[in-house]
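> Give the three-dimensional model of this entry:
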Amino acid sequence: MEEQTIIPEFLLDKAKELGLSFSDSSFPVEIFPAKIEKIIAEVHECQGFPIDYIASAMLVAIAVGIGNTHLAQLKRGWQESPILYMALVGRPGTNKSHPLSFAMQPFLELDYKANKAYDLAYAEYEKVMQMSRKERTDSGITEQPEEPIRKRFLVSDITPEGLSLIHAQNKRGLCLWVDELSTWFKNFNRYNSGSEEQFWLSVFSAKATINDRKGSHNSIFIKRPYISVVGTIQKNILGELAKGERSNNGFIDRILFVMPNIQLKARWSRNELPENTEQQWSDIIRTLVEIECPLDHEGEVTPHIVPFSFEAKSRLYAWQEEHARICDTEANETLVGIYCKLEIYIIRFCLIIQLARWSCQEADKQSIDATSVERAIALTEYFRSMAQQVQVVMECNQLNQQQRQLLIELPSRFQTAEALQIGDRLGFKERAIKDFLSRNIGTLFTKERHGQYKKINV
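Numbers count the residues shown, from 1 in each chain. Below is the predicted model of the structure:
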């Protein structure tokens, strides 16, 4: 894009000091510990997967590994869970799904082993349940056996009711992994109008959810839900996301988009992935998964609270001051809504990065330090840039043929009078042209000064 993300000068200086990148076109892999950076580089070089997709998928995997075990606390009463909603965007054949498979492989292996254990336990449970009281006594079984629970991390196509039931049995947390995200949001409200979308809005904020089971007097109550969402979506159907209430209720604002500028089909690499790369990644995830998930006497999750160090909190507040100024001067209301959610995400990023560094023996997890905050800032600015690019694509996808033609014929820089002249030739009324320009500032155009515009190109 020609349009550049506005990044405060003091952040650029600090980033340079820490060796971080604020590129608006590539994922800042420097946010990760050296071990994870190395894995990303090896997978990219040997498998040909785009770095943005690999790094983003691994970020989600780390967040899922943490789950409900830790919360970041900015101040008393403000705690954030590492829940992420992420979409990998690209045209067909851009290697979106394979990086997700690599990142989630450790969880697949854990779920497979847990499923085998569950099958054995359930077979034993059924065997005991079929025994008479005398047979149980003779076998030394004195108590009523408890039905075993299937432990898991990953779910796919599932209703909120089914998901709530699984979550009630897996309070550490889950990840909804959907290969094609379009099937996820297209199925919203297929059973109850408005309920599914509201469910995901609540889950994002880790608000308690109650799901009434059909044909039962019991409800499933999740006091602190943790469900991250990740999947892929094709660039040409991004506009589908904005349909219905999703563009008005803040649902889209909660999604982190990853849309690298890939022009060419990836070539096969002759390099083999080192034998220990997958194991190294699995070990990092296992370190996180093995963190205890504390439960209180009622069986409810009581996460470890991770505060910010004084320096880290000062840096984060300074970022928010500059971020607020960007929001104050942003003319596009859609982007303002997205930017507001970034204030939530940056705290979550801080926690994820701190725990990632801890898992690689680069930091402790007693508090979030200034290094994690700076890296979270770099990551947030990356997703700000991605949001801008995605909004351009969404706006273009929703234009009618007449509006598309107008956009094509407008020069890269133009004045209102030029737009009116071109619009008149294409059959636009003057009011329609002015509304079109005003409505698309920040996505299709930037306003350089009064009456003068510049087109934003993807």
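> part of a helix, is residue 224?
No - per DSSP: H, G, I helix; E, B strand; the rest coil, residue 224 lies outside any helix segment and is coil.
> So what does it look like in phi/psi?
Residue 224 adopts backbone torsions of phi -130, psi 90, taken as degrees, to the nearest 10.
> Now do the same contact list for it.
Residue 224 makes contacts with 68, 81, 171, 206, 208, 300, 301, 303, as judged by CB atoms under 8 Å, 6 or more residues apart in numbering. (Glycine included, C-beta is placed from N, CA and C.)
> okay if I get those as JSON lines plus pLDDT and distance to residue 87?
Shown next, in JSON lines, are the contacts of residue 224 (pLDDT from 0 to 100; distance: CB to CB, whole Å):
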{"residue": "68", "pLDDT": "96", "distance to residue 87": "23"}
{"residue": "81", "pLDDT": "96", "distance to residue 87": "19"}
{"residue": "171", "pLDDT": "93", "distance to residue 87": "26"}
{"residue": "206", "pLDDT": "90", "distance to residue 87": "20"}
{"residue": "208", "pLDDT": "84", "distance to residue 87": "26"}
{"residue": "300", "pLDDT": "88", "distance to residue 87": "31"}
{"residue": "301", "pLDDT": "89", "distance to residue 87": "27"}
{"residue": "303", "pLDDT": "95", "distance to residue 87": "26"}
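> Give the buried subset of those residues as a PyMOL selection command.
The PyMOL selection below is limited to those of the contacts of residue 224 classed as buried (16 or more other CB atoms under 10 Å):
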select buried, resi 68+81+171+206+301+303
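> now, among the contacts of residue 224, which is nearest to residue 429?
residue 206 (47.9 Å; CB to CB).
> helix or strand for that closest one, which one?
Following DSSP states H and E, there is no helix or strand that holds residue 206.
> ok, it - contacts?
81, 83, 224, 225, 226.
> Can you pick out the most distant pair from the residues you listed?
Farthest apart among those - using CB to CB - are 83 and 224, which lie 10.5 Å from each other.
> Turn the contacts of residue 206 into JSON lines, columns for distance to residue 310.
As requested, the contacts of residue 206 are exported to JSON lines (distance: CB to CB, whole Å):
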{"residue": "81", "distance to residue 310": "23"}
{"residue": "83", "distance to residue 310": "27"}
{"residue": "224", "distance to residue 310": "28"}
{"residue": "225", "distance to residue 310": "32"}
{"residue": "226", "distance to residue 310": "29"}
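> quick one: residue 284 and residue 364, what's the gap?
For residue 284, the distance to residue 364 equals 16 Å [CB to CB, to the nearest Å].
> I should have written residue 93 there, sorry.
For residue 93 relative to residue 364 (CB to CB), the value is 43 Å.
> quick one, what contacts residue 327?
Contacts of residue 327 (CB under 8 Å, 6+ apart): 336, 339, 340.
> Now for the spatially closest residue to residue 74 that is not a sequence neighbour, how many residues are close by?
Nearest residue to residue 74 in three dimensions, chain neighbours excluded: residue 347, at 5.8 Å (CB to CB, 6 or more residues apart in numbering). Residues near residue 347, counting by other CB atoms under 10 Å, number 24.
> C-terminal to the helix or strand harbouring residue 347, what's the next element?
Secondary structure from DSSP H and E places residue 347 in helix 333-359. Using DSSP H and E, the helix or strand that follows helix 333-359 in sequence is helix 370-397.
> longest helix of this protein?
Once the chain is assigned using DSSP state H, the helix that runs over the most residues is helix 97-129.
> Who are the packing partners of that helix?
Contact analysis of helix 97-129 by 3 or more CB pairs under 8 Å, 6 or more residues apart in numbering; DSSP states H and E lists helix 34-47, helix 51-66, strand 154-155, strand 174-180, strand 227-234, helix 277-289 as its packing neighbours.
> so which of these is the most packed in?
Mean neighbour count (mean count of other CB atoms under 10 Å) peaks for helix 51-66 among the helices and strands packed on helix 97-129, with a mean of 26.
> And it, what does it pack against?
Right, helix 51-66 is packed against helix 34-47, strand 85-90, helix 97-129, strand 174-180, strand 227-234, strand 256-258, helix 277-289, helix 333-359 by 3+ CB pairs under 8 Å, 6+ apart.
> Dump the ones you listed to TSV, plus mean pLDDT and distance to residue 73.
Formatted as TSV, these follow (pLDDT from 0 to 100; distance: least, CB to CB, whole Å):
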stretch	mean pLDDT	distance to residue 73
helix 34-47	94	25
strand 85-90	94	22
helix 97-129	94	27
strand 174-180	92	23
strand 227-234	94	20
strand 256-258	95	22
helix 277-289	97	19
helix 333-359	94	9
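> I'd like the ones you listed written out as a markdown table, with distance to residue 379 added.
Below are those laid out as a markdown table (distance: least, CB to CB, whole Å):
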| stretch | distance to residue 379 |
| --- | --- |
| helix 34-47 | 13 |
| strand 85-90 | 12 |
| helix 97-129 | 16 |
| strand 174-180 | 19 |
| strand 227-234 | 16 |
| strand 256-258 | 10 |
| helix 277-289 | 18 |
| helix 333-359 | 5 |
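> out of those, nearest to residue 150?
helix 97-129 (4.4 Å).
> Turn the helices and strands packed on helix 97-129 into CSV, columns for distance to residue 317.
Output for these, formatted as CSV (distance: least, CB to CB, whole Å):
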stretch, distance to residue 317
helix 34-47, 28
helix 51-66, 24
strand 154-155, 37
strand 174-180, 31
strand 227-234, 27
helix 277-289, 28
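> any idea how far residue 284 is from residue 66?
Using CB to CB, which is the criterion applied here, residue 284 is 12 Å from residue 66.
> before we move on, what about residue 106?
14 Å.
> cool, and residue 366?
Counting by CB to CB - residue 366 and residue 66 are separated by 15 Å.
> Residue 196 now?
26 Å.
> does residue 332 really touch residue 441, like I thought?
Yes - in this structure, residue 332 is within contact of residue 441 by CB atoms under 8 Å, at 5.8 Å.
> Can you pick out the residue with more neighbours from these two?
More crowded of residue 332 and residue 441, by other CB under 10 Å: residue 332, with 21 against 16.
> Chain neighbours aside, what residue packs nearest to the more buried one?
That would be residue 442: by CB to CB, 6+ apart, it lies 2.8 Å from residue 332.
> Contacts only, for the one you found.
Going by CB under 8 Å, 6+ apart, residue 442 touches 330, 331, 332, 334, 335, 388, 391.
> So how do I select the buried members of the residues you listed in PyMOL?
Here is the PyMOL selection string for the buried members of those, based on 16+ other CB under 10 Å:
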select buried, resi 330+332+334+335+388+391
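> ok, of the contacts of residue 442, which one's closest to residue 164?
For those, the nearest to residue 164 is residue 334 (31.2 Å; CB to CB).
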